[in-house]
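> Turn this into a structure:
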Amino acid sequence: MSGLAAYKRFLPAGASQEIGVRGTTLVLRECLAAVTVSTVENQTSGKAGGRYTLVLRRGEKIFTPQEFDQVTVHNETAVDQHVELLIGSGDYVQPPPDIASADLFVGHAPVACVGAGSMIVDENPTRKRAIIKASAANTDTIFVAGTQADAAAGNGFGLGPGEVYPGEARGQLWGASATATDTVSILEEVFNA
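Residues are numbered from 1 along each chain as shown. Take a look at the predicted model:
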């Protein structure tokens, strides 16, 4: 049977998880940092089982010449992370289409972005992306950056009134505007672990 199925896993720092699944194709769809992925064929039917081990980053793929029946994912980083793997059979040269997932959307109350910089959203390693929308009633550009100093200095990206930014950021985001009453609204898309 061809096709890919999604497997979402939470990997604490330094931990490994095994997934018993058959296939020839593996795509690392989401991760915070690179992970080590091994595939092995345990049901050898008289042949030596093939083992493939690679360090993969988001969006990278493994195609194996023989079918595997076990996948091991290892998080060698010092931080916990959520990973999503697409595993199955088929020759997938193009990125797989986006599939329906059980991810959650978390809304936040509007945040005023004062000149010295205000934290828009805190760091969240389970976040896939943060969608930031500047209020249509704003009178100035809001600068969004990864640090308070960069936002206050106007070194981030600018959001005019009513503009939206769908960023794949897991770290803190800060906003600053010359007008203390200018606000942004935030919607986080997070992994449902």
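
> Tell me which stretches of the chain form helices.
Along the chain, counting by DSSP state H, helices occupy 148-152.

> Which helix or strand in it has the lowest average pLDDT?
Ranked by mean pLDDT, DSSP states H and E, the helix or strand of the chain with the weakest confidence is strand 104-112, at a mean of 72.

> In the protein, where is pLDDT below threshold?
Scanning the chain for pLDDT under 70 picks out 1-2, 44-49, 90-107, 191-193.

> Any figure for the gap between the spatially most central residue of it and Val190?
The centroid of the chain falls nearest to Lys128 when counting by Cα atoms, centre = their mean (3.9 Å). Look at Lys128 and Val190: by Cβ to Cβ, to the nearest Å, they are 7 Å apart. The way it works is simple: take the backbone N, C-alpha and C, and place the C-beta from them, glycine included.

> try Arg58
Arg58 is 16 Å from Val190, by Cβ to Cβ.

> Skipping adjacent residues, who's closest to the residue nearest to the centre of the chain in space?
Using Cβ to Cβ, 6 or more residues apart in numbering and skipping the chain neighbours, the partner closest in space to Lys128 is Glu189 (4.6 Å).

> what sits against Pro166?
Counting by Cβ atoms under 8 Å, 6 or more residues apart in numbering, Pro166 touches Arg129, Ala130, Ile131, Ile132.

> repeat that with 6 Å
Counting by Cβ atoms under 6 Å, 6 or more residues apart in numbering, Pro166 touches Arg129, Ile131.
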